[in-house]
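Visitor: sequence first, predicted model second:
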Amino acid sequence: MASHDHHHTSAPNPRGLTRGAVAATLHCLTGCAIGEVLGMVVGTALGLSNLATIVLSVVLAFVFGYSLTLRPVLRSGLTLAAALPVALASDTVSIAVMEVVDNLVMLLIPGAMDAGLTRWLFWASLAGSLVIAFVLTVPVNRWLIARGRGHAVVHQYHHAGHQHH
């Protein structure tokens, strides 16, 4: 923790911090949306229970979210064993918040989980739940980045060629 203290000696640029949080949340949203949509589609198509469908969606959201983070980190030269903790530190809180909000919204919209893949209610609810999750996750990511956590952990690996430990 002490190694990050030098980053906080001057006040961070609030606009830059917010931009970084929006970018991190968009990154998270991409992985979550891929996993979430795939999980909802597969779970609904297979006639799984709402709980099983949500579990499948959450697992896939984490898999795709981490995968999107791992790609640039691995390209920077880190091994999978070294890259995995970076991805976990970078995305776990963001994905977790997004998934809790997204799935809670889906459960709160009457009939959304049972609407089926051919009904506008299902797709509108899923899209709306992801938008709400995005809006509520941006401040979480902003708070994490301001403290050198969350997506700030992975940022140094986005530019291959730097030295890494």
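Guide: Thanks, I have it.

Visitor: would you check how far apart residue 30 and residue 113 are?
Guide: Per CB to CB, to the nearest Å, residue 30 is found 23 Å from residue 113. C-beta here means a position set from N, CA and C on the backbone, and glycine is covered the same way.

Visitor: more crowded one of those two?
Guide: residue 113 (22 against 13; other CB atoms under 10 Å).

Visitor: residues contacting the more buried one?
Guide: 50, 53, 106-107 (CB atoms under 8 Å, 6 or more residues apart in numbering).

Visitor: show only the entries of these found in helices.
Guide: Those of these mapping onto helices are 50, 53, 106-107, per DSSP state H.

Visitor: for the protein, what spans make up the helices?
Guide: For the chain, the helices defined by DSSP H occupy 14-45, 50-75, 80-108, 120-146, 151-155.

Visitor: could I get those as JSON lines with mean pLDDT?
Guide: As requested, those are exported to JSON lines (pLDDT from 0 to 100):
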{"stretch": "helix 14-45", "mean pLDDT": "89"}
{"stretch": "helix 50-75", "mean pLDDT": "92"}
{"stretch": "helix 80-108", "mean pLDDT": "91"}
{"stretch": "helix 120-146", "mean pLDDT": "93"}
{"stretch": "helix 151-155", "mean pLDDT": "73"}
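
Visitor: can you flag the buried ones in the contacts of residue 113?
Guide: Among the contacts of residue 113, the ones that count as buried by 16 or more other CB atoms under 10 Å are 53, 106.

Visitor: between the contacts of residue 113, which is nearest residue 148?
Guide: Using CB to CB, residue 106 comes nearest to residue 148 of the contacts of residue 113, at 32.9 Å.

Visitor: so what's the residue count around the nearest residue to residue 154 once chain neighbours are set aside?
Guide: In space, and not counting its chain neighbours, residue 154 is closest to residue 90: 3.8 Å by CB to CB, 6 or more residues apart in numbering. Applying other CB under 10 Å, we find 27 residues neighbouring residue 90.

Visitor: show me what contacts residue 90?
Guide: Counting by CB under 8 Å, 6+ apart, residue 90 touches 69, 150-151, 153-154.

Visitor: in ChimeraX, how would I select just the buried ones from the residues you listed?
Guide: Buried residues among the contacts of residue 90 (16+ other CB under 10 Å), as a ChimeraX selection:
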select :69,150,151,153,154
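
Visitor: dump the contacts of residue 90 into CSV; add distance to residue 60 as well.
Guide: Listed next are the contacts of residue 90 as CSV, based on distance: CB to CB, whole Å:
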residue, distance to residue 60
69, 15
150, 21
151, 21
153, 23
154, 20
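
Visitor: thanks again, I'm all set now.
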